[in-house]
Structures are given as structure tokens and as C-alpha cells.
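Peer 1: Just need the structure, nothing else, for what follows:
(2 chains)
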Amino acid sequence: MEYLSIVFQEVYKILFLLVPVLVSVAMIVWLDRRVWAFVQKRQGPNVVGPFGLLQSLADALKYIFKEIIIPSSSNKVIFILAPIVTMTLALIAWAVIPFSATQVLADINVGILYLFAVSSLGVYGIIMGGWASNSKYPFLGAIRSAAQMVSYEVSIGVIIINVLLCVGSLNLNDIVIAQQNMWFVIPLFPMFVIFFISALAETNRPPFDLPEAEAELVAGYQTEYSGMMYAMFWLGEYANILLMCAMGAILFLGGWMSPIDVYPFTLVPSAIWLILKILLLFILFALVKAIVPRYRYDQLMRLGWKVFLPLSLIWVVLTASYLFYFNLLPVN
Amino acid sequence: MIAHAIFFYTFSIIAVVSAIMVTASKNTVHSVFFLILDFISISCLFIMIGAEFLGMIMLIVYVGAVAVLFLFVVMMLNVAQQKNQWFAGQQSSKHIPVGLIISTLIFVEVIIVIGGWKYKPEIFDINNSIAQTSISNTHSLGQILYTDYIHVFQISGMILLVAMVGAIVLTFRQRSGVKRQSYIKQISRERAEGVEVLEVQSNKGVKIDD
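Peer 2: Numbering: from 1, shown residues only, chains lettered A, B, ... in the order given. Predicted coordinates for the structure are as follows:
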């Protein structure tokens, strides 16, 4: 009985986290399309519900009732597993995101490593989908995506080291609390810019959406997918984008802390602050999609390996020497 | 404790079965996927014994990077392999005796090594002191790695670097006749260099030097 009650408690907590995440993913797709439309002086989806807010739900309903087509020459098990892997990995990462000092599902010691590991596993959904389709365009898309994600992960890892040097702990709550006096976006601003661009590449967002470049590869790894399986890829992708925004908010924008520590601001629940910061980063993501043209593949690789990696490595040396010289290293 | 045991046996059974499937499955891509499953369940086991840092690094390095590149290569190979069916047929059975001999040798070596295994007495003291001070796993690993074992650590890093440079040198070849882009040149181009206005007489044309 004791075990059962623990299990029920945990399931309740998980549902309380996952349902809002899934709903906000649906909302964020709407927001993405609206921002995109406004930049191009269009209206965007504005028919279903107030301001078109329920557009994503209508889309999801349509996807559910569509037929799932499995190509006869595909590798069926892996073909079906691929969207499930994408979606699961995008959702399990939310377990360590702290919404306040106490509101976190799993407050583990190596939280940031867990986030990094899960985001680096995200590439498997795409590779599996691309390979199992047994078709040229998905395969090319999967190969492009694998190379791209592995390259940009390296610079994200080095940027995380930069932040960790200033914090002295791998726990996400410690990282947030270390920014009490100053958000890391101020001393590490170049790293924030590089993190933002790498996050765009890591989540296959424009201008780095080469794995699904419609002009060359139809829809990349998603070409053979239809119905609910396509929707799962799409949900996983947006959950990943939100996760990257949350990671940026926690590493650089002070996580759940209010921007100013004075009376009216401290009344607002800390979860609201985190959500506002995530939204801010997401609107930046959406704006970039609307205003920047797509990169060429060799330029993408050059940017990752020849520009971002050396820059972030040099910044690690700079941060470490600064902290060491002024005796600011966080030793506990 | 029961839940702990259940999780331990689940992960270890998955690890052993997927390790067997790596060698048993006919499709090479499937065996790489089983290898990944093996890595993941082993990192779960690491986390269960409290080596959380090692488990996460295992996930990031092996599953997130090494296995992706591995899969990359195998997927490319597989395209060519599907054409010649003999590869999966009778040809492979000739290699079984050689494989058996090598695996027996490795097995005997492992048995010898494990049979002569002894813990240093100091290790038990370290274990106890960690338990008392409740230093996190990452912290204690760093303290040992960057003090007592700094030379071994640096040497292993240098070996990896040398291997990387060696691989690049072996595969690098200078290709002639490749036109390279220079971003600075392209951006700093002025209108005067690019456009030339000519007086063209009718029925004469103009010669453009290129």
C-alpha cells in the first residue's frame, strides 16, 4: 500500500507537469504562426476560437482522424518507434526544470547534464524516422540532421561549461540561485548569443532547418509520415523548442527569479516569471524564423565548427582565468 | 529495497539481452540500435549505484555522440550491403572458429584479471569519508581526477588528441582546382568593381574579358 500511494503521488505530479506542457505546446504553435504572420503583414490563424487560439486543437483533431499510412517497404517497428522516441525525449526532459525553489519534479544533482543528455538523444528520433522510411529524401534529411545536431551540441556543451564555472554546481536550482545578484546574460553575453543560435540549430529551426528544407528534400525525415505520427513529430519538435527556451532562461536569464527583487514584483509566483522568460525567448525564435533566410549546408557546418567552437572555447579560458585571478571561483 | 531490486534486475536483463542481440541480429542497423539500448541501460545501472555523473557522461558521450556517428557509418554501409546478399549468407560461417578462439582468449584473460582483483585498503576509507561528508559524486570525482591522477588524466587527453590529429592527417588531401569562397572579399565588393558601363556601337558588339 505504501508503494502504491507513492506511485500515485508521483503520477499525479507528472500529470500536473505534462498536461500544461502539452497544452502550452499547442498554444506555442499558434503563437509561432501569429508572430510569423505579423512580421509578413498577414493575419495568421484567427478564425477558430478567440484570436484563433483554438487553431492548434482543430489541427490536432484533424490529424487524429487522418489515416496513418505505413510504407510497405519501410522497417515497420523502427518507423513506428521514431515519433514515439522524439516525443518521449522531448517530454521527459521537463522533469528537472525548476519552476520555483521547491516546485521541481526531480531535483537531481546533475540536472544540467541530464538536460544536455536528453537533448543530445533527440537526434535518434530523426535518424530512426529517416532510415526506417527507406526512401531517399527522408534518408538525406536524417543524415543532414544527425551531422548538424552533433556539431552544435559541442558548442552548447562548452557554453554550459562557461556557466558552470560561475556556479560551481550542476544542479539547476543552484544555477538559478547563483544569478541572484546578476543574471549571467550580462557577464556572458556573447555566450548567450551563441547559445541562442546553437539552440536554433539544435532544434532544426529556421535558418538552420536544412533537415526539412522543403525546397530540396520535400519534408526531410517526415516525408513518409502521416496522421497522428506526423503530429507527434511536430509536437516533439515544439516541445524541444520550448525546452531549449527554458534551458536558456535558466542558464542566462535567472530562471524563476523575478527581475527586480522589490515588493510588487515578488508577489508574482516564480513559475510565472519562468514562463514569461520562456515566452520572450520563444518570440525571438519565431522572429528569427520570419526574418532570416535559410543557410547553405556548408556554411552551417563552418559556423558550428570554425566559429562557435573556437569562440566558446576561448571564452571558457577567459572566464576561468578571470574567476581564478580575482579569486571568485565558487568553492564549496 | 524491493523497488531497487526490481529496477536493478530490469535494467541488467535489458543490458544483457540487448548485448546478445547486438551480435545476433542480422541487420547491422538493428544491432547498432541494440548497442544504444545497451548503453542506456548500463548508464541507468551507473545512476542506480550513485555514480550519476558517470551515467550522464556515458549517455552524452557514447549515446549522444559516438553511437550517432557509428549509426551514420553503418547506415551508409547498409545501402551497399543490401545488394550483395552473400554477405549475410554462408560466407560468414567460416569466421566462427576464429571468433570463438579470440573470444575464449578474452574470456580467460578477464577471468584471470578478476581473480587477482584486490581493493586497496585506502579505498574503503575514501568511501566512508564520502558517505560522511555527503559530497556529491561529481565533486569527489573531480577532486580525485585533478589531484592524484592529474598526470594520467592529462596523458589520456593527449593520446586522444594525437589520435584525432592522426586521423585528420591520414584522410586529409589537398585538392587542386577548388574555388573557395572568401566572405570578406564578397562583402567588401563595391559597385565600381562589379559593374562596368560601356558605350556599345550598334551592330559591333563589345568584347568582355573574363
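Peer 1: Helix, strand, or coil at A:N109?
Peer 2: Put simply, A:N109 is coil when judged by DSSP: H, G, I helix; E, B strand; the rest coil.
Peer 1: With the one 4 residues further on instead?
Peer 2: In three-state terms, and counting by three-state DSSP, A:L113 is helix.
Peer 1: Pretty sure it sits against B:F53.
Peer 2: Yes: using Cβ atoms under 8 Å, A:L113 is in contact with B:F53, at 7.1 Å. Where C-beta positions appear, they are placed from N, C-alpha and C, glycine not excepted.
Peer 1: A:Y3: which element?
Peer 2: Using DSSP states H and E, A:Y3 sits within helix A:2-39.
Peer 1: and B:L145, what does it touch?
Peer 2: Neighbour list for B:L145: B:F153 [criterion: Cβ atoms under 8 Å, 6 or more residues apart in numbering or on different chains].
Peer 1: Sorry, wrong one. I was asking about A:I64.
Peer 2: Contact partners of A:I64, counting by Cβ under 8 Å, 6+ apart, are A:G227, A:M228, A:A231.
Peer 1: hmm, back to that, could you tell me which residues touch both of A:L113 and B:F53?
Peer 2: Counting by Cβ under 8 Å, 6+ apart, the residues touching both A:L113 and B:F53 are A:L170.
Peer 1: ok, now how distant is A:F184 from A:L113?
Peer 2: From A:F184 over to A:L113 the distance is 18 Å, taken as Cβ to Cβ, to the nearest Å.
Peer 1: Ok, A:G52 next?
Peer 2: For A:G52, the distance to A:L113 (Cβ to Cβ) stands at 40 Å.
Peer 1: Neighbour count: these two, which is higher?
Peer 2: Higher neighbour count among A:G52 and A:L113: A:L113, with 23 against 18, using other Cβ atoms under 10 Å in any protein chain shown.
Peer 1: Report the closest residue of chain B relative to chain A.
Peer 2: As assessed by Cβ to the nearest Cβ, chain A sits closest to B:G64 within chain B, at 3.1 Å.
Peer 1: what number of residues lie near that residue?
Peer 2: Neighbour count for B:G64, taken as other Cβ under 10 Å: 25.
Peer 1: if you skip the residues just before and after it, what's nearest to it?
Peer 2: Nearest residue to B:G64 in three dimensions, chain neighbours excluded: A:S120, at 3.1 Å (Cβ to Cβ, 6 or more residues apart in numbering or on different chains).
Peer 1: Which strand or helix spans the one you found?
Peer 2: For A:S120, the element it lies in under DSSP H and E is helix A:111-121.
Peer 1: Could I get the buried residue list for that helix?
Peer 2: A:G111, A:I112, A:L113, A:Y114, A:L115, A:F116, A:A117, A:V118, A:S119, A:S120, A:L121 (16 or more other Cβ atoms under 10 Å in any protein chain shown).
Peer 1: Any residues of chain A in contact with chain B? List them.
Peer 2: A:3, A:78, A:108-110, A:113-114, A:116-117, A:120-121, A:123-124, A:127-128, A:131, A:139, A:143, A:146-147, A:149-150, A:153, A:157, A:170 (Cβ under 8 Å from any Cβ of the partner chain).
Peer 1: Would you enumerate the residues in contact with the residue in the stretch 1-150 of chain A positioned nearest to chain B?
Peer 2: Using Cβ to the nearest Cβ, A:S120 is the residue of the stretch 1-150 of chain A that sits closest to chain B, at 3.1 Å. For A:S120, the contacting residues are A:M149, A:E153, B:L59, B:I60, B:V63, B:G64, B:A65, by Cβ under 8 Å, 6+ apart.
Peer 1: Pull up the gap between it and B:A24, please.
Peer 2: According to Cβ to Cβ, A:S120 stands 28 Å off from B:A24.
Peer 1: circling back to that earlier point, tell me which of the contacts of A:S120 fall in helices.
Peer 2: Among the contacts of A:S120, the residues falling in helices (DSSP state H) are A:M149, A:E153.
Peer 1: quick one: which two of the contacts of A:S120 are the most distant?
Peer 2: By the measure Cβ to Cβ, A:M149 and B:L59 form the most distant pair in those, at 14.9 Å.
Peer 1: neighbour count winner among these two?
Peer 2: Shown here are A:M149 and B:L59; by other Cβ under 10 Å, A:M149 has more neighbours (27 against 24).
Peer 1: Is the more buried one in contact with A:V123, as I believe?
Peer 2: Yes: between A:M149 and A:V123 there is a contact under Cβ under 8 Å: 4.4 Å.
Peer 1: which intervals of the chain have sub-threshold pLDDT?
Peer 2: By default, I'm working from chain A. Within chain A, the stretches with pLDDT under 70 are A:214, A:332.
Peer 1: meant chain B actually
Peer 2: When residues are selected by pLDDT under 70, those of chain B lie in B:78-93, B:119-134, B:209-210.
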